[in-house]
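Engineer: Compute the structure for the input listed below.
(one chain, ligands or ions: 1)
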Amino acid sequence: MTTVRTTRTVAAASMGLGCLLAMGVGSAGATSTIASLAPSTYSAQTGILAGKTIGIDPGHNGANGSHPSIISRKVWDGREYKACNTTGTSTNAGYSESRFNYKVAQYLATYLRSQGARVVMTRATNTGVGPCINRRAAIINAAHANVAISIHADGAPSRGRGFAILEPVASGTNNKVIKGSIRWGSVLRRSLLTNTEMPTSTYDGVNGIKFRRDLGALNLTKVPTVLLETGNMRNSRDARLLTSRTFQKRLALAIDRAIIKYLKG
Ligand SMILES: [Zn+2]
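Structural biologist: Numbering: from 1, shown residues only. Here you go, the predicted model:
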């Protein structure tokens, strides 16, 4: 019963994305297919993001857990000193958040590059340690990204599910990009609801949006950014989605579509 329901949900979401792509996002450029990575309906619009720089911050890192002294070092988060980085969470079956974040970041980077964007990532593998939260913000700021996203998944009590988009509150450093970040979050929220089967969070924020004053990625940014908690890894329904390659690609596409919409209107 569960299987049938899941299959139908996936098919419906897939049709939704197909419709969106069939309608086209913008009209310029030839198309090329990334068959190896994307769902069968995906075709990239070559060049639509030419001249744009996108910052991608896949949260945590695969070897953080085995280097506690490095990641517990205190750094400035824009309001106070806190740990350089954390280990992140995992599903009950042991699929790590850092791996999920990295996989989605890889898919997203591939889509964006195929559309002509320059992509700047805060880490290049899932086997390293860090970088610290302040360094991650600095990498994206130095690249003068047009827009950025931190990709995460949550580890909350198992009953809760769904995504929350965490948005910045003025810290001084980020004052000029608060408005842009709010608009970016709103566009992203709509795309996630249209193009993925993940609902808004049942336990965090309001309608999938939450303002946060305690996150370095948001306090230290000089470019419009949000932090996406994609779902709850401790919830069995969310965990099934988060660990599925199909969902990871669909999520990356939903973020990609949102970036195009945010930058191109
Ligand atoms: Zn995280």
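
Engineer: what kind of secondary structure is G130 in?
Structural biologist: Following DSSP: H, G, I helix; E, B strand; the rest coil, the label given to G130 is coil.

Engineer: so how many other residues sit close to it?
Structural biologist: The burial count assigned to G130 is 20, neighbours taken as other C-beta atoms under 10 Å. C-betas here are computed from N, CA, C, even on glycine.

Engineer: Next: K52.
Structural biologist: By the measure other C-beta under 10 Å, the count of residues near K52 is 19.

Engineer: same deal with E80?
Structural biologist: The criterion is other C-beta under 10 Å. On that basis, E80 has 11 neighbouring residues.

Engineer: separation between the spatially closest residue to S72 that is not a sequence neighbour and the ion?
Structural biologist: If the residues on either side of it in the chain are set aside, S72 comes closest to A83, at 5.2 Å by C-beta to C-beta, 6 or more residues apart in numbering. A83 sits 12 Å away from the ion when distances are taken as C-beta to the ion, to the nearest Å.

Engineer: what number of residues lie near the closest residue to the ion within the stretch 151-265 of the chain?
Structural biologist: Here the stretch 151-265 of the chain gets closest to the ion at one residue, H152, 3.4 Å apart by C-beta to the ion. Residues within reach of H152, counting by other C-beta under 10 Å, total 27.

Engineer: did I read that right, it in a strand?
Structural biologist: Yes: counting by three-state DSSP, H152 is found in a strand.

Engineer: Kindly state the beta-bridge partners for the residue most central in space within the chain.
Structural biologist: Nearest residue to the geometric centre of the chain (C-alpha atoms, centre = their mean): I151, 3.4 Å. The residues listed as beta-bridge partners of I151 by DSSP bridges are P58, L228.
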